[in-house]
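Chemist: missing the sequence, but the structure's below:
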């Protein structure tokens, strides 16, 4: 595996909509780093070096102290090293970004920041329980822009109360600031999120499907108008600046994930670490098991191919498909997709149309084998 | 020795402690050893244990020697549900005495009374037992009063007991010896034995349980069944203890079993008479009836490819359930399946569950309906078991539907709402009798079709669970019925058609489409749900197409969770039925049962 994901489970405060694993505060950094380095050492043989990409996700990786980040880099540099054009991403939140940090991150080797903006509207930010203001977001982006050419910003659309103009304005601010990569997500109400409880208790208004559908389309249209192309359901970039690491997920490449709740895939088996920091630390330190695995059989492989490849706007080619599943299965999938308004099917390629992307979960599920 | 035999049954309402009492009697007489003890020994089927009701009759012999003389006590356990009242009547006919078990905290219930009347009709000696005396909520004085009113017995005749703790069990046994008369019968007369139940054994075929009224039977005898006229060798006869105990010979008064190589339950009918081929008895024992199915429903495999497996499963199930009848049918919506006839709703539920548990069959059951008599203008009579099988409206002269006499026993507090319910269900009040100051028995005459839907649940809910209910068929009556069809995007769904009284048809149609709107998930297309009588649309609802169904974030490489979610959705869809381009969940086919 030539790609590494590291999960940093600390946040200053948990956002309402988030269901990724994290805890509030970063007082357990020392124990976390020690366990993480032990996991890296224990699983050293899984890694093929030099690395093609490294991705710090979270949680809030920018909330990690610089020294601790340094310890991780020391280990990786000493043991694996990086290819020349390796992509090294750090997810960062506006409140953690200043010029000094940016230059020190850059010194460590980080060459891409993915910044959690979500909106430039303070009402939206309040709805989402983000802790930064729109002013801070703009300031942070300007600083980051001075240090990194490869920058991504996250936006959320379909927020209750946010009209289309407000959302378009968000995209335009990013364009003006010259941010070359944007991830745009529909707000979803996750089972384990605070937002779900807030909505149930009537402390937040619910999202509206019509608005969500409209803004999903609007996101793609506005991005296209401003010179971004959509390469994945939620991702838009200027040419040549697509996220390599995330694209590897969609293309079925292997990757190794470290830290609590991190996922790994070695081509035949998926594994996920326990989503609890204390249990993760104690299990790693004592040598107990702290992960679960699932073997990917032919049927799972097929379903994952549908699920991941079709997220890419380019879809998949006949050759790619047949190499894995044979000609007969290609004929079958062709029959299911070729006369549908939701698929763009040419002799050599199957992909979603924009209408298809909008209801892609239902369509993917229809194509799966169970 | 006939004098040393006692044949008795237990009459009790569900949950009044019949099975526990039976277990206690078995322990007290050392019939069951400590290590055999499972809760409720007599209920063989898992289903019976779970539902806490007896579905099949059972019989067991206890040997009891309080002093010098050893007695044979034959306990015949009876099914405790209205669907099986015929089986109950045959079990009662095999006994001389009955324990009337009443829950001291609940009082007498409708089912108990109807079974009690049967026992009194058969001249059984009734021993009243007040069970669950250990419960803090017991109200012995009040319930005793009910029993005295009902039986005209003395207060001291009522035995206070707790099957749970074992209190009073000795008194019950003494009363059985003292009060229940020994069986009469002529050992030297030609054989005459009453079959009161049969069970299917995978290895041995049908085992029929009988009570000998006259004569004797030996292993190896050449016997015949008087109603079916079939002849068999008695490969084995014996008595029922904890298991089968073969005997060379049984005589008048005995309760036992016979195995004769019969493989199919339908050949051995409950109520039939066993006699010898040579020297047969003059006439069969009175009271034999064919089981008549009252309720019909379509049973279809969830996966159309499983049709043959379903046929095989139903065939096997019928081996030990003679009351189940079936014939193949096909539906445009559901494909190939079977129209099955059941004794009642519980019987239907049991068949469904047994198909699931014993045969691992995934089935869709359609809305149940009753059997209608359709008289055509050409003066033909057609029996219709399926609303979609109704002849063209122009050919129908009139339709008759089955009626029942429904007895409801309730606390007087609930008379009002129960009356309202009865009238809503097209019932006519026939009688109202106060059983005690605060308990009343209400009798309605009403169409059976009305209880097939949701009568029982409603009755329970409006009476906070107090009211109990029992019914008997009482013939057919003419009715103004119409067929209500359901259309999805203009296409009629045959499996959703119902026959309904004209006066109720509009509100029924409205509620149907509203319920279906809840049950049919949103899909890629808009779905129009319409209710129609003939060509006339009487109600409509729309299920909007979903606008957006996409997971935005699929990050951190967690592919598994998303894949499993979509796979689960696909499995759900696979279980749905395709009507045109619409996916209809199984629950929709039972929608009519869930109307508010």
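Modeler: Nice, I can see it. Nothing here was measured: the structure is a model prediction, and the numbers come from that model.
Chemist: What parts of the stretch 251-370 of chain A come near chain B?
Modeler: Taking Cβ under 8 Å from any Cβ of the partner chain as the criterion, the stretch 251-370 of chain A approaches chain B at residues A:255, A:257, A:261-265, A:270, A:272, A:294, A:300, A:303-304, A:307-308, A:311, A:342, A:357-362, A:364-366, A:368, A:370. C-beta: built from backbone N, CA, C; applies to glycine.
Chemist: Buried by neighbour count, from the residues you listed: which ones?
Modeler: In terms of neighbour count (16 or more other Cβ atoms under 10 Å in any protein chain shown), the buried residues within these are A:255, A:257, A:261-265, A:270, A:272, A:300, A:303-304, A:307-308, A:311, A:342, A:357-362, A:364-366, A:368.
Chemist: Would you map out the domains in chain A?
Modeler: A:3-250, A:302-367 (automatic domain parsing).
Chemist: Make a markdown table out of these and add mean pLDDT.
Modeler: Converted to a markdown table, the domains of chain A look like this (pLDDT from 0 to 100):
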| stretch | mean pLDDT |
| --- | --- |
| domain A:3-250 | 95 |
| domain A:302-367 | 94 |
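Chemist: and of those, who's closest to residue B:172?
Modeler: domain A:3-250 (55.6 Å; Cβ to Cβ).
Chemist: hey, where'd the helices end up in the chain?
Modeler: I'll assume chain A. Taking DSSP state H to define them, one finds helices in chain A at A:29-42, A:66-79, A:99-108, A:122-128, A:134-147, A:164-177, A:194-200, A:209-225, A:244-250, A:277-286, A:298-309, A:318-337, A:354-358, A:360-367.
Chemist: um, chain B though
Modeler: For chain B, the helices defined by DSSP H occupy B:18-28, B:46-51, B:85-93, B:110-121, B:140-151, B:169-179, B:307-319, B:345-359, B:415-424, B:448-453, B:455-462, B:505-519, B:559-574.
Chemist: would you list those in TSV and tack on distance to residue A:290 and mean pLDDT?
Modeler: Listed next are these as TSV, based on distance: least, Cβ to Cβ, whole Å; pLDDT from 0 to 100:
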stretch	distance to residue A:290	mean pLDDT
helix B:18-28	49	85
helix B:46-51	40	53
helix B:85-93	59	86
helix B:110-121	58	84
helix B:140-151	61	90
helix B:169-179	58	95
helix B:307-319	44	89
helix B:345-359	39	86
helix B:415-424	59	94
helix B:448-453	55	86
helix B:455-462	49	84
helix B:505-519	43	93
helix B:559-574	17	90
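Chemist: can you tell which of those helices is closest to residue A:26?
Modeler: Across the helices of chain B, closest to residue A:26 is helix B:559-574 (Cβ to Cβ), at 26.3 Å.
Chemist: and for that closest one, what are the contacting residues?
Modeler: Helix B:559-574 is contacted from outside by A:249, A:263, A:265, A:270, A:272, A:294, A:300, A:303-304, A:307-308, A:361-362, A:364-366, A:368, A:370, B:303, B:551, B:554, B:583, B:585, using Cβ atoms under 8 Å, 6 or more residues apart in numbering or on different chains.
Chemist: distance between it and the chain's centre?
Modeler: Centre-to-centre, helix B:559-574 and its host chain are 38 Å apart (Cα atoms, centre = their mean, to the nearest Å).
Chemist: got it, and stretch A:358-370?
Modeler: Distance, centroid of stretch A:358-370 to centroid of chain: 21 Å (Cα atoms, centre = their mean).
Chemist: Ok, stretch A:335-348 next?
Modeler: 28 Å.
Chemist: How about residues contacting stretch A:229-244?
Modeler: A:52-53, A:87, A:89, A:112, A:114, A:150, A:152, A:180-185, A:219-220, A:223-224, A:227-228, A:246-247, A:250, A:311-314, A:357, A:360, B:550-554.
Chemist: Who does the residue nearest to residue B:432 when sequence neighbours are not counted form a beta bridge with?
Modeler: Spatial nearest neighbour of residue B:432, chain neighbours left out: residue B:442 (5.3 Å); criterion: Cβ to Cβ, 6 or more residues apart in numbering or on different chains. Residue B:442 has these beta-bridge partners by DSSP bridges: residue B:408, residue B:432.
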